[in-house]
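# Let me see the structure of the following:
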Amino acid sequence: MPRGTSAAGVILAGMRDRLNDQLLLRLGPVIFIVLWSGGFTAVRLGLLDSGPLTFLVARYLLVLAVLAPLALALRPPFPERRAVWGHLVAVALLIQVLYFALINISLELGTSATGVALIASLQPVLVALAVPRLTGEQVGTARWAGLALGLGGAALVIVTRGDIRASPLGVMGAAGALLAITTGTLYERRFGVDAHPVSANLVQFAIAFLVLLPVAYAVERLRLHPTLRFGAALAYLALANSLISITLLLAMIRRGDAARVSALFFLVPPVAGLIALLVLGERMPPLGWVGMAIAAAGVALATRKNPAQVEAAKQ
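Have a look, this model is predicted:
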């Protein structure tokens, strides 16, 4: 026990950490699904007034404008080991740069928001196929059944809406985004570290901004038409998606197994469709609601802990 630390203090600290983990496991998935799903509608609105890469550069600039003063006020610890910096850079390139850039480009090329969401919902299957080899996690029969239900429900939502309209390049962009976030998820599960969220986010978004800024200038000349619509979409994506959703996703991956957390992505296409209905007035066919229920059941099955995991958590 460290000098100056009482036994009661250690116990209270342990109880606080366990409570924080329980709150993350219970509320984190719900918050993540809603905020992440709304991002597809926000991107589609923002791209009406900006180039896809320029939009992402503006988004990350706003994120850094929030994080920089926060870091100055809190003075969080930054990683000391070179390996930790390397892991932060790798995740930034895979998720903040590749995934989001390819999502924006796919939407710009004509892929519908729900079509992109459907392609991205294949991520849990790829993660489940890869985790036994890369991280040693086992995907049991019940979880495979949940993954199948989730994929089937998500597909039903998209098919009944008849909303898969895309150019070949757009589909390729969405597929590339799928591979990027799948790789990023597996990398985070294998090498992720419990760095302070403010310092980790500041490093990762700074890297993404510096990488994308010259590319956006060279390709798009930073094409941007500031409007109220653009500002609202930008604020949502910067705060809700880039800051809250990404932090929740990486935290859940570190505290749970990758296959369980990734199964949440099956709920993204149905919830994205619901948000599009509320914000854009896009109608959801009756079978679409059935698909939402099937996807929800699949996620519940795929993310349920087995008795051994429950007992281990109690210890």
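
# going forward, measure contacts between C-alpha atoms and count neighbours the same way
Fine.

# Quick check: Arg59 touching Ala238?
Yes - Arg59 lies in contact with Ala238 (CA atoms under 8 Å); the separation is 5.3 Å.

# wait, isn't Thr111 in contact with Met172?
No - counting by CA under 8 Å, Thr111 does not reach Met172; the two are 10.0 Å apart.

# And the helices in the stretch 151-300 of the chain?
168-191, 197-220, 228-236, 246-255, 258-262, 268-280, 286-302 (DSSP state H, counting those that start in this stretch).

# Let me have these in JSON lines, adding mean neighbour count, distance to Val89 and mean pLDDT as columns.
JSON lines is the format used below for the helices of the stretch 151-300 of the chain (neighbours: other CA atoms under 10 Å; distance: least, CA to CA, whole Å; pLDDT from 0 to 100):
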{"stretch": "helix 168-191", "mean neighbour count": "21", "distance to Val89": "11", "mean pLDDT": "87"}
{"stretch": "helix 197-220", "mean neighbour count": "18", "distance to Val89": "6", "mean pLDDT": "94"}
{"stretch": "helix 228-236", "mean neighbour count": "17", "distance to Val89": "24", "mean pLDDT": "95"}
{"stretch": "helix 246-255", "mean neighbour count": "19", "distance to Val89": "14", "mean pLDDT": "77"}
{"stretch": "helix 258-262", "mean neighbour count": "26", "distance to Val89": "20", "mean pLDDT": "65"}
{"stretch": "helix 268-280", "mean neighbour count": "21", "distance to Val89": "26", "mean pLDDT": "79"}
{"stretch": "helix 286-302", "mean neighbour count": "22", "distance to Val89": "30", "mean pLDDT": "77"}
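
# Compare those and report which one is nearest to Val97.
Checking the helices of the stretch 151-300 of the chain against Val97 by CA to CA gives helix 197-220 as the closest, at 5.5 Å.

# could you dump the closest one to PDB, C-alpha only?
What follows is helix 197-220, C-alpha atoms only, in PDB (Å, rounded to 0.1, in the frame of the first residue of the first chain):
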ATOM      1  CA  PRO A 197      -9.300  11.000 -22.100                       C
ATOM      2  CA  VAL A 198      -8.500  14.700 -22.500                       C
ATOM      3  CA  SER A 199      -4.800  14.200 -23.300                       C
ATOM      4  CA  ALA A 200      -5.500  11.100 -25.500                       C
ATOM      5  CA  ASN A 201      -8.200  12.900 -27.500                       C
ATOM      6  CA  LEU A 202      -6.100  16.000 -27.800                       C
ATOM      7  CA  VAL A 203      -3.200  14.000 -29.300                       C
ATOM      8  CA  GLN A 204      -5.400  12.000 -31.600                       C
ATOM      9  CA  PHE A 205      -7.400  14.800 -33.000                       C
ATOM     10  CA  ALA A 206      -4.300  17.000 -33.400                       C
ATOM     11  CA  ILE A 207      -2.700  14.200 -35.500                       C
ATOM     12  CA  ALA A 208      -5.900  13.800 -37.600                       C
ATOM     13  CA  PHE A 209      -6.200  17.600 -38.200                       C
ATOM     14  CA  LEU A 210      -2.500  17.900 -39.300                       C
ATOM     15  CA  VAL A 211      -2.800  14.900 -41.600                       C
ATOM     16  CA  LEU A 212      -6.100  16.000 -43.200                       C
ATOM     17  CA  LEU A 213      -5.500  19.700 -43.600                       C
ATOM     18  CA  PRO A 214      -3.000  19.600 -46.400                       C
ATOM     19  CA  VAL A 215      -4.900  16.900 -48.200                       C
ATOM     20  CA  ALA A 216      -8.200  18.900 -48.000                       C
ATOM     21  CA  TYR A 217      -6.400  22.000 -49.300                       C
ATOM     22  CA  ALA A 218      -4.800  20.100 -52.200                       C
ATOM     23  CA  VAL A 219      -8.000  18.300 -53.200                       C
ATOM     24  CA  GLU A 220     -10.800  20.700 -52.300                       C
END
